[in-house]
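S.K.: Model the structure of this input:
(4 chains)
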2 protein chains.
Amino acid sequence: MATTLGYAILGLLAREALSGYDVTQRMKESVGFFWGAGHSQIYPELARLEEGGLVAHSVVEQRERPDKKVFEITPAGIDALGEWVMQPPPRRPTKDELTLKAYSVWLVDGGEAARLFREEGRRYEEQLARYEQIRGWMEEEWADDIGRPETPRFASYATLRRGILYERGNAEWCRWLADAVEGKPEGV
Amino acid sequence: MATTLGYAILGLLAREALSGYDVTQRMKESVGFFWGAGHSQIYPELARLEEGGLVAHSVVEQRERPDKKVFEITPAGIDALGEWVMQPPPRRPTKDELTLKAYSVWLVDGGEAARLFREEGRRYEEQLARYEQIRGWMEEEWADDIGRPETPRFASYATLRRGILYERGNAEWCRWLADAVEGKPEGV
DNA sequence: AAACTATATGTCAAGAGTGACATATAGAAA
DNA sequence: TTTCTATATGTCACTCTTGACATATAGTTT
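M.R.: Numbering: from 1, shown residues only, chains lettered A, B, ... in the order given. Sure thing, here's the model as predicted:
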């Protein structure tokens, strides 16, 4: 019924009612860790979801800000989201531009390549540190819900753990590659 | 100058001259581990690369098969590829449909979710096993080149290591999540 | 004889995604 | 006073990507 972006939005609205602007913000933080979209994709997609009866909006008038449309997920939306969750996702090729660059790294100077991959590794480590911090916070503040798979907090925690493994793997690989192109032997 | 797909193709042609059909096959194996494209994207992209002077083709007549166009990278193509490698890639959001499903996993039955994530975990483990096998083969057969960052074999080995960390992280996470939605405590 | 597979090269329509353009309110900063 | 930032919603053109359609040779299988 909906597109993948549609299900990403439904995943947010299943937690709380949001305006298109709010959805756009969430796409830069929480959900943004594993899916992405700009507002130019989000507003039309919300309209399509409403057309399909998966969400409904009401206008909220504001005094100190422009009025906004707040979207709520419908029972049909909850059903559609739950059914989509259980379908095994199609196996699409991972597209990783940094790995693609590594594939041609043999053409360039080792020292310069080391600089690039060390810098990229730093970025992954920074993101990893942010994730680890959020994880610590969640494990303290959400201690009870994290053990309950039927809560949205458990699901958020699960996706965070995925992000941590991802960033850690990337950071580790960048470090290894930077060392290797500089001629340092493995494990030093 | 070229698109990311263009650089993926140049990365292949920097190793050996290939027909469009060959490039398509490589996109399902080696390069396909971190980039993807069907032939309907590859043929027009090869034409664009040729227009830009980055590749050149010659027609090879065959008796038992249809004739083919074999593409070679030009010196300008090598230069463009090397320059692109050194540019830090734009930070695009990781798009992982399985993680997106995990974000809404709290809506569905724990037992059914466990089945899904265990099955997906198996797929990652299978891919990991394939990669580990290739790694073992490379470390035996390519032992000398793997220590030389200026060889294409080193670069291929580097991307394989990235793939191993990726699949391992995914498999580990799927196992953890399947256990968690079934109510099993951490580390059992 | 017909169907299927592998090789080989292309086009086309539709959908997904990006970045720029466009407009509006209101507070805060320069 | 002007500019900047945050909130708020939208469109548009362009590019990227996917999947189907299209054609052709030659060997293998049914």
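S.K.: hey, let's count contacts and neighbours off CA atoms from now on
M.R.: Noted.
S.K.: Enumerate the positions of the lengthiest helix in chain A that are buried.
M.R.: Scanning chain A for the longest helix, with DSSP state H as the assignment, gives helix A:110-141. Within helix A:110-141, the residues scored as buried using 16 or more other C-alpha atoms under 10 Å in any protein chain shown are A:110, A:113-125, A:127-128, A:131-132, A:135, A:138.
S.K.: what bridges to the closest residue to A:Leu49 other than its chain neighbours?
M.R.: The shortest distance from A:Leu49 to any non-neighbouring residue, by C-alpha to C-alpha, 6 or more residues apart in numbering or on different chains, is to A:Val55 (5.8 Å). Beta bridges link A:Val55 to A:Ile73, judged by DSSP bridges.
S.K.: A:Ser58 - how many residues pack around it?
M.R.: 11 (other C-alpha atoms under 10 Å in any protein chain shown).
S.K.: Assumed it was part of a helix.
M.R.: No - counting by DSSP: H, G, I helix; E, B strand; the rest coil, one finds A:Ser58 to be strand, located in no helix.
S.K.: Could I get the pLDDT score of it?
M.R.: At A:Ser58, the predicted lDDT confidence score is 97.
S.K.: about what we covered before: wait, does the helix or strand that the longest helix of chain A is followed by contact chain B?
M.R.: Per DSSP states H and E, helix A:110-141 leads on to helix A:152-181 as the next helix or strand towards the C-terminus. Yes - legend: contact between helix A:152-181 and chain B by C-alpha under 8 Å from any C-alpha of the partner chain is shown at A:152, A:154-156, A:158-159, A:161-162, A:165-166, A:169-170, A:173, A:177, A:180-181.
S.K.: Closest to A:Trp106 out of the residues you listed?
M.R.: Checking these against A:Trp106 with C-alpha to C-alpha, the nearest one is A:Val181 at 8.6 Å.
S.K.: List the contacts of A:Phe71.
M.R.: By C-alpha atoms under 8 Å, 6 or more residues apart in numbering or on different chains, the contact set of A:Phe71 is A:13, A:17-20, A:55-58.
S.K.: Can you tell me the closest non-neighbouring residue to it?
M.R.: Closest to A:Phe71 by C-alpha to C-alpha, 6+ apart is A:His57, at 4.2 Å.
S.K.: Relative to B:Asp67, how far out is that neighbour?
M.R.: Distance of A:His57 to B:Asp67, computed by C-alpha to C-alpha, to the nearest Å: 59 Å.
S.K.: Surely A:Tyr174 and A:Ala113 touch.
M.R.: To be clear, residue A:174 is Cys; Tyr isn't right here. No - if you go by C-alpha atoms under 8 Å, A:Cys174 and A:Ala113 don't touch, sitting 10.6 Å apart.
S.K.: tell me which parts of chain A are close to DNA strand D?
M.R.: Counting by C-alpha under 7 Å from any atom of the strand, chain A comes close to DNA strand D at A:19-22, A:39-41, A:43-44, A:65-70, A:92-93.
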